[in-house]
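Visitor: Task: produce atomic coordinates for the following.
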Amino acid sequence: MAAKLNRNWWVIPIITFIGAEAASVVMQTITGPRLMGAIKPDLRKDIYSSLTGSSSGLLGFALAAVAILAAFAPKVDATGRDRRREQNLARARNDIAKCLLVTSAFLMMVLVASTVAIGADVSQKANVPISTVVVSAGFASLVGLLISGLGVTLSILERNSLP
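Guide: Just a heads-up that it's a prediction; the model follows:
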């Protein structure tokens, strides 16, 4: 299981989203409005506006990182042990890029849902589907950015430890 997870980091943000969405819906059903649902409409609108700006900035950053990772290829002139290292580093970059792409999808979900919520979530009682999607996608994108950052850090440390 750990070996499969090691090669498929992109699954972790998806699992996080599903878990956060399920927990949020269950909690709101049992105890009433939570998180975004418990905030006054004017404040909710301000938070949604802030989330659109933040998520669009992070989305641009994540996609730029994917483009940079895609530009790096293994050294062609490497041979033997160095060639294996270069191929392993290239696979690690691909894994990081996959995780960043999934994270970008969640950031886009936050961006779109927050933009819709600015106009649609105006009543005293929060729109439960929109608020839970925004919170869950935000949490999943945070986890994805943390995992991707950890992967980039480990990749840089591995690269710098090479002779």
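Visitor: so how many other residues sit close to the residue nearest to R93 when sequence neighbours are not counted?
Guide: Using CB to CB, 6 or more residues apart in numbering and skipping the chain neighbours, the partner closest in space to R93 is L69 (4.7 Å). (Glycine included, C-beta is placed from N, CA and C.) A count of nearby residues for L69, using other CB atoms under 10 Å, gives 21.
Visitor: what about L69, helix or strand, and which?
Guide: helix 41-71 (DSSP states H and E).
Visitor: and that helix, which residues are buried?
Guide: For helix 41-71, burial by neighbour count (16 or more other CB atoms under 10 Å) applies to 44-45, 47-48, 51-52, 54-56, 58-59, 62-63, 65-66, 69.
Visitor: mean confidence for that helix?
Guide: Averaged over helix 41-71, pLDDT sits at 88.
Visitor: swap in stretch 109-128?
Guide: For stretch 109-128, the per-residue pLDDT averages 83.
Visitor: for the chain, which helix is longest?
Guide: Counting by DSSP state H, the longest helix found in the chain is helix 80-120.
Visitor: what helices or strands is the helix or strand following it leaning on?
Guide: As assigned by DSSP H and E, the chain's next helix or strand after helix 80-120 is helix 128-160. Helix 128-160 sits against helix 11-31, helix 41-71, helix 80-120, with contacts defined as 3 or more CB pairs under 8 Å, 6 or more residues apart in numbering; DSSP states H and E.
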